[in-house]
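> please find the sequence and the predicted model below.
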Amino acid sequence: MKVLFVVASYLVGAIPTGYLLIKIFSRKDIRNIGSGSTGATNVLRYAGWRIAIPVMIFDLFKGFLPAYIASRVLNAPNLALIGVLAATIGHCYPVYIKFRGGKGVATSAGGFLYLAPLPLIISLSLTLLLLLFFRYVSLATLIGFSLLPLWILLLERNQKLFILSLIMLMIILIRHKDNIRRLVAGTERKFGERIND
């Protein structure tokens with residue numbers, strides 16, 4: 001049962017929302033546009049809010065769902081942590097489209113929205129402030145999520161949840177390695193800048 005749940009969490013997380021919606025509406029492969037990510041930020045830059053918002057909502061849901069089901073339906077809090085991790089890995093490395101997916105931010109945030117709502121809200125608030133000030137989504141996201149383990153440690157005092165947040169942070173940092181290079185080089189796009197195919 002547990003193995004099936006983890007596999008199902010991965011497969012749901014691997015549903016490439018951004019890829020599918022861009023394919024439907026413009027017949028383009030979002031992985032060949034902009035940063036190459038299937039996530040909401042890259043979709044926003046190419047297609048605007050009309051498509052980016054559904055992508056973000058569904059990607060959040062992909063992380064929230066396994067946390068909710070494992071905790072509330074199966075009464076298995078430890079399985080909830082593994083399910084959220086599996087969903088995030090699925091989002092980043094989706095089997096359906098040759099393992100080229102998103103950056104893991106929205107899906108992991110969806111999991112923490114259920115598992116640690118207050119620490120997540122603090123991190124997202126900081127992310128928003130940094131975004132408004134610097135206008136770099138990647139920079140704001142990386143700083144905001146880098147502090148999430150600290151808020152979890154201070155507010156939740158849950159060692160397993162803390163370890164999960166560190167693992168998620170490592171995944172997000174790895175997925176943002178190209179963004180980090182562009183930030184250092186001064187070539188990263190700012191929030192609101194559109195891209196063409």
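Ah, there it is.
> let me see the contact set for residue 162.
Contact analysis of residue 162 by Cβ atoms under 8 Å, 6 or more residues apart in numbering lists 149, 152-153, 156. All C-beta atoms are positioned from the backbone trio N, CA, C, and that covers glycine.
> try 7 Å
Residue 162 is in contact with 149, 152-153, counting by Cβ atoms under 7 Å, 6 or more residues apart in numbering.
> nearest to residue 168, of those?
Distance to residue 168 across the contacts of residue 162 (Cβ to Cβ) is lowest for residue 149, with 8.7 Å.
> quick one, helices of this structure?
Listed in chain order, the helices of the chain (DSSP state H) span 2-13, 17-26, 40-47, 49-68, 77-92, 105-115, 117-134, 137-146, 148-155, 159-175, 177-185.
> out of these, which comes closest to residue 33?
helix 40-47 (5.2 Å).
> for that closest one, which positions count as buried?
Using 16 or more other Cβ atoms under 10 Å as the test for burial, helix 40-47 gives 40-47.
> try stretch 97-105
97, 100-105.
> got a markdown table for these, with distance to residue 14 and pLDDT too?
Putting the buried residues of stretch 97-105 into a markdown table (distance: Cβ to Cβ, whole Å; pLDDT from 0 to 100) gives the following:
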| residue | distance to residue 14 | pLDDT |
| --- | --- | --- |
| 97 | 8 | 96 |
| 100 | 11 | 95 |
| 101 | 7 | 96 |
| 102 | 10 | 96 |
| 103 | 14 | 96 |
| 104 | 12 | 96 |
| 105 | 16 | 97 |
